[in-house]
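S.K.: turn this into a model:
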Amino acid sequence: MSKEFNNHFDEVEMSENFKQNTLDRISQTHGHYAKKHDGQSTTRPSWYKRPRLLTKVLAIVLVFAIVLPLVIILPLNSNSYSIPSVRSPIAGANYAFAVRDEAHLTSLLNIENQRPSRPRNRRSFGCASENLGGAPDDMNTGEGGNANSQPPGSSGYTSTTNVQVEGMDEGDIVRNDGRFIYRLSPKGLTIVETAATGQINYIATIRYQNFAPIEMFTRDNLMVVIGGTRQTAPNPNGNSFSHWQWYNSWHNRTQIRIYDITNPADPVLLRFFEIDGQFNTSRIRLETNTLFFVVDFHVNGWNWCPVRRINYRASNRPYFRDCETAALKQLPFLNLFYTVQGVRMNSFMLLGSICLNDHEEDALVAGYLSAATLVSMSLNNLYTATTVWGTEGRNNWVDRTHISRFCLDTLHFTGTAVALGTPPSRHAIDEYNGYLRVATTYGAWWQSRNNDVYFASSVQIFDSSLNLVSYITGIAVGETMDSARFNGGFGFISTSPPWLIWDPLYTVDLSDHHNITISEGLETDGINQYLRHIPGTGLAIGIGQDAPPEGAAWQTGIKIELYDMRVGTGEMPVSLTKYTIYGEQTTAEILFNPRALLFMFCEVSKVGYVGFAAEAAAMRSSWSTITFVQGFYLWRIDASGGDAYAGLEFLGESRRERIVRPNAPTPGSAWVWETVYIDLLLPSFSNFDVNHYVFGNNQSWNWTARSEQFNGFIYRAVINQGYLFTVSNGVIAGYCMRTFDRVDEFLG
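M.R.: Purely as a prediction, here's the structure:
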C-alpha cells in the first residue's frame, strides 16, 4: 500500500511585482537584455540571433533522449539499490518520508519549532505486518519469569534476568545459563563455571581497549556484548580532540560484538558492528533469535571542539562499520526517514536488528528524526514515548506524550498515538491483544484551577490503529504516579503526593477495553517505585522508599511489601507482609533498574524467591553518612495456601541498632534530631563482616582508600543447581540454599 503526497513548497504563486523585480535583478547581473522603462518594449543585444526551427527541434529531441531514460530507469533501480553490510527498510508500507540528500537533511535539521508547544492533529495508521497485535493470553502475560515445575532452588532450576515482557529477553551485566556465569566489570568480561557441588572454576577473561561494555546476552552458544566507545568520527580536517573526551560514561559510538561460546574458554568473535550514537536499549526476541537495539544519535553532539566552537563532522549522517579493521561508511539516505507525526528533533533515533541465526545476513538499520525518551517493546512492536508541554486555555499547562510505534519485523514507522500526561517509566506502556495501554500523570502540581489542584493520573487504551477507544482520568487527584505495571487484563498503579512519601495503591480492571474500572486506593506507608506481578496468582510485590505513617519528606529506608491485589473483584488491595531495610540514606539499584531483581517463582508449587542488593546507611547529627551493611537480601514467597494467606519470609537476621534521624513531631513543625532504636535487617549474603560497619563516621568520603571495599559490593545474585551465587566486581561467591553457608569463592 502506498500513498502519494504533494510537494506544496514547489507550488508558490508569484505576484507581478515579484516577477518584475526578479527580471530587473537578472538584467543588472547578466546583461543579456535590458528592460526599457516608461512603457517601452524589450530590446535584445545586437549579437542575439533568433534560433532556427531545426535547431529547436534538435534541442528538444536531445533533451528527451537524455532525460526520459533517467526518469524511467532510476525509480526502478532505486528499489534494488543497497549498501553493503546494512539493509534498508525500503520494501512494504511505510508512513514516513525518506531523506533525499545532504541538502534535504540539512533543511530538516534547520526547521524551526521542531518541538511544538501543543500537539497537532493526529493521524494514525495500522501496522503493515501480519504479526500486529499481542500473542495469545498464555504467552503475552506482560511479565517475565520462570514457570518450571521443579521447586525454586532445587537442582536443575536456573534463575534468569527479570524482564518486562515474556519472550523478549533483556541485556544485563550478569548472565546465567545454568552452568556458566558471565560477568561484566570495568576490567572486562569474566566467565566462571559453577559445579553441581557449588564450586567455582575460573574459565576465561576478555579484556577490552577503548570499549566500555554496558550489557550482554547469552543465547544457546552465542554471547552478545553491547557497549560504547569514544572514538571520534571522520572529519574533513582530520582533527581528533580525543584528549577532551575524558568522561567515562559518555560514548559517541555503540559497538555490538557477537561471540561463539561453544568453548567458553576460547570465545570466538563472529560478528562486529559499530554505529554512531549513544546506546539506549536492546532486546532479543527468543522466538526468532533476533537482536533489536536502539541508539540515540545527536547530529551536532559528536566531535565537537569546545574551544573553537566548531563542529568538525563531515556529514550529518551517522557512520557505521561491520568490521574492526574496516573503514567507516556513512549510513545511506535510503535508511534515514522523517515523519509528519510525533515530535521531530535535531537528532536521530537509530533502530536496528541483527539475525543471530545467520551471521552473513546484513544488519537492518533505520534512522528516524525523532527521540526515544522511553522505549518499550512487545513481541511485535517497538514503542517510543516523548513528552511535550503546551497550554490549554490560559495558564493551564498540559503535558502530552507522543507514542510512536515501529514494526519490529521491518522497522517501519506505523503511526503515533497522543496520550494525555507523562508515563513514569517504560513499564507504564504495554501492548496486549493488539491494544496499547498507557498509564500517565497529567497536569502540573504548581498549577491550580478554581482553587483546586489540577493534576492527576489516568489510564488510556488505544486500538490497533492507535485510535483512543477508552480512558479513565481523575485518578488520585493532587498526586503523581510513582509506578505502574500491566498484567494481562489488569493493571496496578501506585501514586503519592508531591514531596511526600505516602502511597495509595490501585488495581485497574482492563478485561473490557471499552469499559475501564478502578478500585479504591490502599493507603500504605512509603511509595512503590517498582511493582512486580507474581505469575499465576493475584499477588504483587512492591519495592520502594519507606516512610512513617501519614507520610514524610524523608525516607526511613527501603521497603518490600507483598499485596493481594484482589484482581477481578473490584475491591481495594490488601497488604499481607512488609519488610524495611532501615536507614534514610539506604540505596538499592532495584529502585531505578528492574533487572537488578532476582525473581523465581514456580506456578505449580506456588513457592519462589525474590531478592535484591542494597546498602543500608544512615546519617549522624553531624551530617556524616554511616554505612551499616551491604549485601544481598533474599525473601521466600509462599502462596501455596492461596492468595489471601500468602506470606513473605525474610531469609536473614536482624540487629538492634541506635540511630539519630531527623523528624517533625507534628505536620508543619520544624525538623528535629531524634535518637531511635531500629531492628536493622542484616543481608542474607555479604562480603563484609555484618558485626562491623562497612563505613564508619567520615570514612565513606575517602573513596580512594576504600576502593577495594567497593569492589566487594554485591550487585547481582543468580541461582544455579541448588546454589546461590553473589556477584560483585571483585568477588563471585557460592552459597548453599539450605544452610546459607559459603561454599566457594572466586577473587578477581
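S.K.: in this structure residue 514 contacts residue 469, no?
M.R.: Yes - Residue 514 lies in contact with residue 469 (Cβ atoms under 8 Å); the separation is 5.9 Å. Where you see a C-beta, it was placed from the backbone N, CA and C, and this is true even at glycine.
S.K.: residues touching the residue nearest to the spatial centre of the chain, list them.
M.R.: The centre of the chain sits closest to residue 375, judged by Cα atoms, centre = their mean, with a distance of 4.2 Å. Residue 375 is in contact with 280-281, 294, 382-385, 426, counting by Cβ atoms under 8 Å, 6 or more residues apart in numbering.
S.K.: just the ones of those in helices?
M.R.: Residues of those located in helices (DSSP state H): none.
S.K.: any idea which of those is closest to residue 167?
M.R.: Distance ranking of the contacts of residue 375 against residue 167, using Cβ to Cβ, places residue 382 first at 14.2 Å.
S.K.: what number of residues lie near residue 265?
M.R.: Other residues near residue 265 come to 10 when the count uses other Cβ atoms under 10 Å.
S.K.: next: residue 102.
M.R.: So residue 102, with other Cβ under 10 Å, has 13 neighbours.
S.K.: could you pull out the strands in the stretch 251-400 of the chain for me?
M.R.: 253-260, 268-276, 278-285, 290-298, 304-305, 310-311, 319-321, 329-330, 336-338, 347-355, 363-369, 374-377, 381-391, 397-407 (DSSP state E, counting those that start in this stretch).
S.K.: of those strands, which is nearest residue 178?
M.R.: Per Cβ to Cβ, nearest to residue 178 of the strands of the stretch 251-400 of the chain: strand 278-285, 17.3 Å.
S.K.: pLDDT below threshold where in the stretch 601-748 of the chain?
M.R.: 620-623, 660-671, 697-706 (pLDDT under 70).
S.K.: any chance you could map the helices in it?
M.R.: Counting by DSSP state H, counting those that start in this stretch, the stretch 601-748 of the chain has these helices, from start to end: 707-710.
S.K.: now mean pLDDT and distance to residue 656 too, for the strands of the stretch 251-400 of the chain, in CSV please.
M.R.: Shown next, in CSV, are the strands of the stretch 251-400 of the chain (pLDDT from 0 to 100; distance: least, Cβ to Cβ, whole Å):
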stretch, mean pLDDT, distance to residue 656
strand 253-260, 94, 50
strand 268-276, 94, 54
strand 278-285, 94, 43
strand 290-298, 93, 48
strand 304-305, 40, 56
strand 310-311, 41, 61
strand 319-321, 91, 59
strand 329-330, 90, 65
strand 336-338, 89, 62
strand 347-355, 93, 53
strand 363-369, 93, 57
strand 374-377, 94, 43
strand 381-391, 85, 46
strand 397-407, 87, 47
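S.K.: make TSV from the ones you listed and add distance to residue 719 to it.
M.R.: Below are the strands of the stretch 251-400 of the chain laid out as TSV (distance: least, Cβ to Cβ, whole Å):
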stretch	distance to residue 719
strand 253-260	24
strand 268-276	29
strand 278-285	21
strand 290-298	26
strand 304-305	46
strand 310-311	50
strand 319-321	39
strand 329-330	45
strand 336-338	44
strand 347-355	30
strand 363-369	35
strand 374-377	26
strand 381-391	31
strand 397-407	35
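S.K.: of all those, which one is nearest residue 497?
M.R.: Taking the strands of the stretch 251-400 of the chain one by one with Cβ to Cβ, strand 397-407 is closest: 18.4 Å.
S.K.: what angle separates that closest one from strand 347-355?
M.R.: With axes from the mean of the first three to the mean of the last three Cα atoms, to 10 degrees as the basis, strand 397-407 and strand 347-355 are set at 30 degrees to each other.
S.K.: and stretch 353-364, end to end?
M.R.: By Cα to Cα, to the nearest Å, the extent of stretch 353-364 from end to end equals 5 Å.
S.K.: list the buried residues of it.
M.R.: 353-354, 356, 362-364 (16 or more other Cβ atoms under 10 Å).
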